[in-house]
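Enquirer: Here is the input, now give the coordinates:
(chains A, B, C and D)
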Amino acid sequence: MSQTFTLSPAELALRLGDDALILSHRLCEWCGHAPTLEVDLALSNIGLDLLGQAQFFLNYAGEMENAGRDADALAYHRDEHEFKNCLLTEQPNGDFARSIVRQFFFSAWQQLRFHELAKSGDATMAAIATKALKEIAYHVQFAAEWVVRLGDGTEESKCRVADGISWSWRFVDELFTGEDAALRPAWEARVRATLNEAGLDLPAPVRGITGGREGRHSEYLGHLLAEMQYVQRCHPNAQW
Amino acid sequence: MSQTFTLSPAELALRLGDDALILSHRLCEWCGHAPTLEVDLALSNIGLDLLGQAQFFLNYAGEMENAGRDADALAYHRDEHEFKNCLLTEQPNGDFARSIVRQFFFSAWQQLRFHELAKSGDATMAAIATKALKEIAYHVQFAAEWVVRLGDGTEESKCRVADGISWSWRFVDELFTGEDAALRPAWEARVRATLNEAGLDLPAPVRGITGGREGRHSEYLGHLLAEMQYVQRCHPNAQW
Amino acid sequence: ADRLAAFDARVAADDFIEPKDWMPEAYRKTLIRQISQHAHSEVVGMLPEGNWLTRAPSLRRKAILLAKIQDEGGHGLYLYSAAETLGVTREELIEALHSGRAKYSTIFNYPTLTWADIGAIGWLVDGAAIMNQVALQRTSYGPYARAMVRICKEESFHQRQGYEALMVLANGTHAQRRMAQDALNRWWWPSLMMFGPPDDNSPNSAQSIRWRIKRETNDELRQRFIDATVPQAEALGLSIPDPALKWNEATQHYDCGQIDWEEFYAVVRGEGATAKDRIQARIDAWEKNAWVREAALAHAAKRSTKQAA
Amino acid sequence: ADRLAAFDARVAADDFIEPKDWMPEAYRKTLIRQISQHAHSEVVGMLPEGNWLTRAPSLRRKAILLAKIQDEGGHGLYLYSAAETLGVTREELIEALHSGRAKYSTIFNYPTLTWADIGAIGWLVDGAAIMNQVALQRTSYGPYARAMVRICKEESFHQRQGYEALMVLANGTHAQRRMAQDALNRWWWPSLMMFGPPDDNSPNSAQSIRWRIKRETNDELRQRFIDATVPQAEALGLSIPDPALKWNEATQHYDCGQIDWEEFYAVVRGEGATAKDRIQARIDAWEKNAWVREAALAHAAKRSTKQAA
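Expert: Presented below is the predicted three-dimensional model:
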């Protein structure tokens, strides 16, 4: 199943671009509905950063493919099985705890992954990663602080954040397939530190659910794409 | 605003077909999620009846249009502003009380409207209406019984059904525009009888919200159509 | 001991046991487990198909799918009723499902990702279910056997509809053919797992066969399913995703590759890709609508008080 | 009386009143009402645009829209802060919004039905808002005036973006041009209503102008908006949905048709097409997430206890 070792740069750009695209879409769903105005703005901020990353990666993936597709063509005119985002990013928002845990797990992974990518021989990828790392540092901090607040808040918030962790934990394995496996110890250390501060433990290992990287998604992605792509699909030749 | 007096048979078939199509879609959303298995089956049943009506009316509308469009073409390839369903049918399910009130208001209107239609000089429309009336009698009864159960059940269910009534009440005016205005007294008598049995009153008049019959919808229809039409829009020339 | 011998003799003679008849406690328990598991499977099975109701690509297909799911809910109802004749309530059975004590078929813990999955479920999943269930029409417990007669009839119909839907895709556009093949790729192995663990690892089988709760072994049924399905796939022009699959002239059966039993047991343990989503959907439907059931009970109580007065 | 005279003199001299300065109670109340209504409008205004975030037809447009909505949330924050300097808490203001005691701009009770509505809102709604607000940069209350400087700058930017988005549609396919015209048809009259009732029916205007909370009358501002907007519509090739609209050489202004004030007052009363949806969305966001705010407070309390120990 693991194909990371032979990953082409175009495939890697597609994966990282789809991760950012899909998670930014989920963050858009929070807009106007967050617990406070300040949190609303912060989630929009993260969403905007991810949307920017998606544009860079997908445009570059399109360039490498050299078939005349730009980021918009890739975002709006691929079918579900052509999307390569990890399953974690497409999971529904659930309550705020689920969304925050998803963000924390993902951003902490992105931070490590992009740190490697910034040293890549591919100058474009390295430049995208370097720019993104400044944004990601804030995403990790924001999400980690909320994990701590919720874990060390009320009984209810502790329950909810624990539920969020057990929901997302099943999708962690997928982040560490192939050569990314090497990143796992550092990721677990980072996550453990925050969970401990929140009075929570790292969950026991579970059977990981994978497939996103090969285009086999959860049932949620199809609904997301139906909404995201609808206008473009109805007007295939229009400019916007 | 009221254009019912000059309504062409094709436009009428479109309106009645869209009503049935959109409400049956909402009922599909309940499938697998209803309060009991029995209710689940009953809602599916109503949904199936309405879906059948939609097919008859839309196929007939397509025939009259004489431009080669059948019911599928009309359902899957029209844009939002071309849909002529009343706003009541596109309202979100909300809780069970909202859905049941929506059904009761709509089915009670349909019953009166189709009773007239069954006497129409247009033999096709009359036949569709006659067949549908048998189904509708059951829809009205099912919904009315639940309105009574909820109104005369617990404090909570009474609150919820009252909320459902006030949600849907704003869309009642639209049902009685043009020549359909003559149906209103009979409809109000029917609704009042059930509400009284449920220990509830007919609400005070409010400013009605209209527009569906002219293609100006609520924000909900666009999301519904994105989901309903997505596969067809992605594969415009495929057979299914 | 006399009662037991009489019971065994009746069962061995293919006689039906009825609710008021004496039966061994183990027989009763096994039946409750099996019938309720079957009922839960019907009800949970509404969800993966329901996932495509709102996106069905034609009005005709949408109506067929809605009617099919409705049939499944109906099967759930007959089966819960059959289980209730054994002295449990539907609420107890549902509570066991929601708490994870009761199981349902592992197949429903896989996601439906394209419209082709709806065809594949009809063809393969209903096909496998029929293979499993056809013998149950003559199972020893009367109410269960009678429920199965009706269920099997409807499921044959569903299977044909599923196969026909897939046929349209297989003869359709490039994208549709891809969808159809992809669906077969994803549903083939889980369908084979529906027959349960291999015979050498199926502890309850012998007793169940003796009780006529089962009439053939898992491996026998699985083989029959493979033999029936491979030519159907060929007729569709689709490839079974098993490089080891080959007709064996000697046995007059298809040989096939190794099933990933590790995956099977993980899904049984509740670790399937959509297990958490499925059970959460059921729990939500039950808990968020509790007020509706309470209202109905309260109203019925008021009404009977009124009538008594 | 001395204090009042001094206050009036300062205001008349276009001096800024600051939070610690003495001010008449009616002035304070009027300001709280006006600033909080403005803040609520920004926050509720996030919803109709947010309705198209998940369907924005290009990544660039999606980013522009998300950033715009974020700006509106930011405006809400500055304005709540400005209102808080007058001695109310944000919670009190939000409670007044949710209970229906506080109002927000009627414009946000109309639905966004196509992507063109997003362009039309930027062009017309932000355009009208700027017309209304530009004078508020010199309003007499310092914190409000300073918030408005920043807000007006961002809203000019939004207006240009909205107009540009609509320009693309107006020059696009037949369907896109239809969308653009339809959006103008639906948003034109509600935009004119944003300036409030006609002067002869606007009881608070005179006092507000004396207090420099307002600097021009509703009708003056409305006329200025019409005069600025008609040529912009012409440049787009779109028609203003008002058959009575005509340039008047004598007045050097556009004459226009009668506004449906009955509709305006109905929307003010909370009977707009999406009023119930808007306020319900805000209440849901607040109530369903109450546990998050409680957790943050509980955590902060624990932390400060720990630090004190």
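Enquirer: Excluding residues flanking it in the chain, which one is nearest A:Thr124?
Expert: Among residues not flanking A:Thr124 along the chain, A:Tyr60 sits closest, at 5.4 Å (CB to CB, 6 or more residues apart in numbering or on different chains). C-betas here are computed from N, CA, C, even on glycine.
Enquirer: give me the element that neighbour is part of.
Expert: helix A:37-65 (DSSP states H and E).
Enquirer: tell me the mean pLDDT for that helix?
Expert: For helix A:37-65, mean pLDDT is 98.
Enquirer: now do stretch C:199-207
Expert: The model assigns stretch C:199-207 a mean pLDDT of 80.
Enquirer: Residues of the stretch 101-250 of chain C that sit close to chain B?
Expert: By the rule CB under 8 Å from any CB of the partner chain, the part of the stretch 101-250 of chain C lying against chain B is C:Trp115, C:Ala165, C:Val168, C:Leu169, C:Gly172, C:Thr173, C:Ala175, C:Gln176.
Enquirer: Can you tell me which of these are buried?
Expert: Using 16 or more other CB atoms under 10 Å in any protein chain shown as the burial test, those include C:Trp115, C:Ala165, C:Val168, C:Leu169, C:Gly172, C:Gln176 as buried.
Enquirer: can these go into JSON lines with extra columns for distance to B:Ser107 and pLDDT?
Expert: As requested, those are arranged in JSON lines below (distance: CB to CB, whole Å; pLDDT from 0 to 100):
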{"residue": "C:Trp115", "distance to B:Ser107": "31", "pLDDT": "98"}
{"residue": "C:Ala165", "distance to B:Ser107": "31", "pLDDT": "97"}
{"residue": "C:Val168", "distance to B:Ser107": "34", "pLDDT": "98"}
{"residue": "C:Leu169", "distance to B:Ser107": "36", "pLDDT": "98"}
{"residue": "C:Gly172", "distance to B:Ser107": "38", "pLDDT": "97"}
{"residue": "C:Gln176", "distance to B:Ser107": "37", "pLDDT": "98"}
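Enquirer: Among these, which one sits closest to D:Phe264?
Expert: C:Trp115 (47.6 Å; CB to CB).
Enquirer: now that closest one: how far from C:Arg178?
Expert: 12 Å (CB to CB, to the nearest Å).
Enquirer: ok, the residue nearest to A:Thr124 - contacts?
Expert: Neighbouring residues of A:Tyr60 by CB atoms under 8 Å, 6 or more residues apart in numbering or on different chains: A:Ala13, A:Gly17, A:Thr124, A:Met125, A:Ile128.
Enquirer: What residues sit buried inside the helix holding A:Tyr60?
Expert: Neighbour-count burial for helix A:37-65 [16+ other CB under 10 Å]: A:37, A:39-62, A:64.
Enquirer: next one: stretch C:158-172
Expert: Buried residues in stretch C:158-172, counted by 16+ other CB under 10 Å: C:His158, C:Gln159, C:Gln161, C:Gly162, C:Tyr163, C:Ala165, C:Leu166, C:Met167, C:Val168, C:Leu169, C:Ala170, C:Gly172.
Enquirer: if we can go back for a sec, can you put the contacts of A:Tyr60 in CSV and add secondary structure, pLDDT and neighbour count?
Expert: As requested, the contacts of A:Tyr60 are exported to CSV (DSSP: H, G, I helix; E, B strand; the rest coil; pLDDT from 0 to 100; neighbours: other CB atoms under 10 Å in any protein chain shown):
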residue, secondary structure, pLDDT, neighbour count
A:Ala13, helix, 98, 27
A:Gly17, helix, 98, 27
A:Thr124, helix, 97, 16
A:Met125, helix, 97, 20
A:Ile128, helix, 98, 25
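Enquirer: Now the two most distant members of those residues.
Expert: Between any two of the contacts of A:Tyr60 (CB to CB), the greatest distance is 12.3 Å, for A:Gly17 and A:Thr124.
Enquirer: just the residues of chain A that are near chain B, which are they?
Expert: So chain A meets chain B at A:Asp79, A:His223, A:Leu225, A:Ala226, A:Glu227, A:Gln229, A:Tyr230, A:Arg233, A:Cys234 (CB under 8 Å from any CB).
Enquirer: mind listing which of the residues of the stretch 101-250 of chain C next to chain B are in helices?
Expert: Per DSSP state H, helices hold the following members of these: C:Trp115, C:Ala165, C:Val168, C:Leu169, C:Ala175, C:Gln176.
Enquirer: What about the residue lying closest to C:Gly257 once chain neighbours are set aside, how many residues nearby?
Expert: Leaving aside its sequence neighbours, C:Gly257 sits nearest to C:Ala244 (CB to CB, 6+ apart; 3.5 Å). Counted with other CB atoms under 10 Å in any protein chain shown, residues neighbouring C:Ala244 total 9.
Enquirer: SS state for C:Ala244?
Expert: Applying DSSP: H, G, I helix; E, B strand; the rest coil to C:Ala244 yields a three-state assignment of coil.
Enquirer: And C:Lys103, by the same measure?
Expert: Per three-state DSSP, C:Lys103 ends up coil.
Enquirer: Near chain C, which residues of chain A are found?
Expert: So chain A meets chain C at A:79-81, A:167, A:170, A:206-207, A:209, A:211, A:216-219, A:222, A:226 (CB under 8 Å from any CB).
Enquirer: which one among those gets closest to chain D?
Expert: Nearest to chain D among the residues of chain A next to chain C is A:Ala226, at 9.9 Å by CB to the nearest CB.
Enquirer: Can you read off the pLDDT for the residue nearest the centre of chain C?
Expert: Among the residues of chain C, C:Ser41 comes closest to the average C-alpha position under CA atoms, centre = their mean, at 5.0 Å. According to the prediction, C:Ser41 has pLDDT 97.
Enquirer: Name the residues of the one helix or strand it maps to that come out as buried.
Expert: Under the criterion of DSSP H and E, C:Ser41 resides in helix C:25-44. Within helix C:25-44, the residues scored as buried using 16+ other CB under 10 Å are C:27-28, C:30-32, C:34-44.
Enquirer: just stretch A:61-79 next, same as before
Expert: For stretch A:61-79, using 16+ other CB under 10 Å, the buried residues are A:Ala61, A:Gly62, A:Met64, A:Arg69, A:Ala71, A:Asp72, A:Ala73, A:Leu74, A:Ala75, A:Tyr76, A:Arg78, A:Asp79.
Enquirer: what's the most distant pair in those?
Expert: A:Met64 and A:Asp79 (20.1 Å).
Enquirer: can you map out the helices along the chain?
Expert: By default, I'm working from chain A. Counting by DSSP H, chain A has helices at residues A:9-30, A:37-65, A:71-77, A:87-90, A:96-117, A:123-151, A:155-169, A:184-197, A:219-234.
Enquirer: Sorry, I should have been clearer: chain C.
Expert: C:2-12, C:25-44, C:46-50, C:59-84, C:90-99, C:115-120, C:126-133, C:142-170, C:174-193, C:205-210, C:218-236, C:261-268, C:275-288, C:290-308.
Enquirer: Fine by me, we can end here.
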